[in-house]
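A.B. asks: Please find the sequence and the predicted model below.
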Amino acid sequence: MQELYDMHRSRRLHHAYVIEDGGEARAELLRFVEEGLGIAVRGNPDVHVRQYDVFGIDDGRDIQGLQSKRAIDGGAKIFILSINSMTREAQNALLKLFEEPTAGTHFFVLMQTTETLLPTLRSRVHIIRSAGRELNLDFARQFLKSSPAERLALIADTIESKDKAHAIELVNGLEAVLYAQGGVQGASSEAFEEIRDTRSYLTDRSSSVKMLLEHLSVILPVIT
């Protein structure tokens, strides 16, 4: 979070941030708002702290409505949104919001990865990546070395819990391992395309973690 303190001191605080959160960013961000910006968090109607499993279009409209209102004390308005996944429709709603932000309003969106964001939305925000955060590549390597049946056993818990955040982390790990391997002979472009499509589909509210991961388990080649 040092980057936020530095930008604030130099009067370059952006109106919209997306912060890759490995689990500790929320507490650090709340401390920045209170200590860095000097804004009380608890009991402050101008500070909105929300958490979402799937951030949908209705949530986006709700945030639009809240940000359009004047701050109670005439000062800044802060939005801290912890989001596991976000639909494309909701991203487009935020895109319009970030294009013409209300003066004195700052958004801080916490996500496990920014890879699922639309390029147009990424261009409207300042991205902060957690220092030292690494993907679990060991699990991705084990997945790629296994047979389709073994892969299904490995991801059984993720499928049962419908954990999209963990599914996206796995997809990112698979992509990283394949790049490190120099691609997969004879099927590299297709493999990467399937991975990118899966990551994109996982942001849809109605997408099925089970169907998407089972598909990857079958179509990705086995590597040694």
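C.D. replies: Arrived safely, thanks for sending.
A.B. asks: what's in contact with the helix or strand harbouring residue 92?
C.D. replies: Assignment of secondary structure by DSSP states H and E places residue 92 within helix 88-99. By CB atoms under 8 Å, 6 or more residues apart in numbering, the list of residues contacting helix 88-99 from outside reads 15-16, 55-57, 59-61, 63-64, 67, 86, 107, 117-118, 120-121, 124-125, 203-204. C-beta: built from backbone N, CA, C; applies to glycine.
A.B. asks: Selection in PyMOL covering whichever of those residues are buried, please.
C.D. replies: The PyMOL command for the buried members of the contacts of helix 88-99 (criterion: 16 or more other CB atoms under 10 Å) is given here:
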select buried, resi 15+16+55+56+59+60+63+67+86+107+117+118+121+124+125+203+204
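A.B. asks: What is the distance between the helix holding residue 92 and the centre of its chain?
C.D. replies: In terms of CA atoms, centre = their mean, to the nearest Å, the centre of helix 88-99 is found 14 Å from the chain centre.
A.B. asks: pull the CA atoms of that helix into CSV?
C.D. replies: Output for helix 88-99, consisting of C-alpha atoms alone and laid out as CSV, is shown next (Å, rounded to 0.1, in the frame of the first residue of the first chain):
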residue,chain,number,x,y,z
ARG,A,88,-19.3,-8.2,-17.9
GLU,A,89,-22.5,-6.2,-17.5
ALA,A,90,-21.4,-4.9,-14.2
GLN,A,91,-17.9,-4.1,-15.5
ASN,A,92,-19.5,-2.0,-18.3
ALA,A,93,-21.6,-0.2,-15.6
LEU,A,94,-18.4,0.7,-13.7
LEU,A,95,-16.7,1.7,-16.9
LYS,A,96,-19.3,4.4,-17.4
LEU,A,97,-18.9,5.5,-13.8
PHE,A,98,-15.1,5.7,-13.9
GLU,A,99,-15.2,7.7,-17.2
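A.B. asks: And the next helix or strand past it?
C.D. replies: Counting by DSSP H and E, the element after helix 88-99 in chain order, helix or strand, is strand 105-111.
A.B. asks: ok, that next one: who's next to it in the sheet?
C.D. replies: Sheet neighbours of strand 105-111, with direction, are listed as strand 16-20 (parallel), strand 77-86 (parallel) (DSSP bridges).
A.B. asks: Just put those strands in a markdown table and tack on distance to residue 44.
C.D. replies: Formatted as a markdown table, the strands paired with strand 105-111 follow (distance: least, CB to CB, whole Å):
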| stretch | distance to residue 44 |
| --- | --- |
| strand 16-20 | 19 |
| strand 77-86 | 8 |
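A.B. asks: As TSV, the ones you listed with distance to residue 180 and mean pLDDT would be great.
C.D. replies: Converted to TSV, the strands paired with strand 105-111 look like this (distance: least, CB to CB, whole Å; pLDDT from 0 to 100):
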stretch	distance to residue 180	mean pLDDT
strand 16-20	20	90
strand 77-86	26	89
